[in-house]
Each structure stands twice: as C-alpha cells, then as structure tokens.
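Asker: Give me a model of this one.
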Amino acid sequence: MSITQGAHHIGFTVPDIAATRDFFVDVLQFKQIHEKPDYPAVFVSDGTIVLTLWQASDPSNVVPFDRKNNIGLHHFSLRVESLETLWSMHHTLKSRAGVVIEFAPEPDSGGPSHHMMFYIPGGIRMELFCPST
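Answerer: Okay, the predicted model is just below:
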C-alpha cells in the first residue's frame, strides 16, 4: 500500500490571480474557499481537490513555461463525468478569453477514454479527461 493517500492540493503561481480564479469559479464551477490578500493567494476547490493560486510578484517578468525544456509541471488533469461534458467544455472554452485550446476532445491513446488539452488564463497547461463509459 502506498504511503500517500491522493492529492491534497496543487499550488500555481499565476500572472493574474483574479483572471485565474474567475476561470476556475465561472467556467469550471469551483468554489473559492479561502483567500489571503496579504500573501496574495486564493484557494479554490471542486470538492475533491484544492488549487492554491499565488499572484506572481512581477507579472511583467514572468517567463512562459516550455514543457519540453523546463523542469516543472508538464500539465495537470481533471476528470469530467461524461463525453458530453467534455465536448460541452470544449465549446465553452473556445470562446473564453485567455484560454488557448491545444486540441479538441479525442481518444486518449486510441480510446476508449477521451481527453482534451488547453492552456488556462496565465498559461498553465491543463487536460480534461473522460474515462471510458
């Protein structure tokens, strides 16, 4: 048996904490559960995982992450309930300011699971994953 018991939270430094918080709250229906204005940090959750968002101290000097050349988070993935939800999110994300779609829903490694990849406001790479149903 593994010593760990799943993820407690994931922390991200972002160039615009309000835009990133609004993405998770407005688009993915997370709830803001805590805030530390002096830090500054915002904590959002979908009821399963907590994401901690930290404001970059100087957004004009941030360097975009290059997943092929930098050490660090390649992407993070959240599971959705159904293929219908995955396609609905793709439609929503296409028109969301600050979101860049990498690819539309497609079979993951030949299926039957499906996934899509995109960049959230601030440039963090994210995957939505629908297990086979």
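
Asker: so what are the domain limits for this protein?
Answerer: Here the domain parsing of the chain from automatic domain parsing is 1-58, 72-133.

Asker: For the ones you listed, give me CSV that also has mean neighbour count.
Answerer: C-beta here means a position set from N, CA and C on the backbone, and glycine is covered the same way. Formatted as CSV, the domains of the chain follow (neighbours: other C-beta atoms under 10 Å):
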stretch, mean neighbour count
domain 1-58, 14
domain 72-133, 15
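
Asker: out of the ones you listed, which comes closest to residue 64?
Answerer: When the domains of the chain are compared by C-beta to C-beta, domain 72-133 sits nearest residue 64, at 5.2 Å.

Asker: how far does that closest one sit from the chain's center?
Answerer: How far domain 72-133 lies from its chain's middle: 9 Å, per C-alpha atoms, centre = their mean, to the nearest Å.

Asker: what do you get for stretch 48-62?
Answerer: 12 Å.

Asker: Quick one: mean pLDDT for the longest strand that the chain contains?
Answerer: Ranked by residue count, the top strand of the chain under DSSP state E comes out as strand 100-107. Average pLDDT, strand 100-107: 97.

Asker: With that, I have no additional questions.
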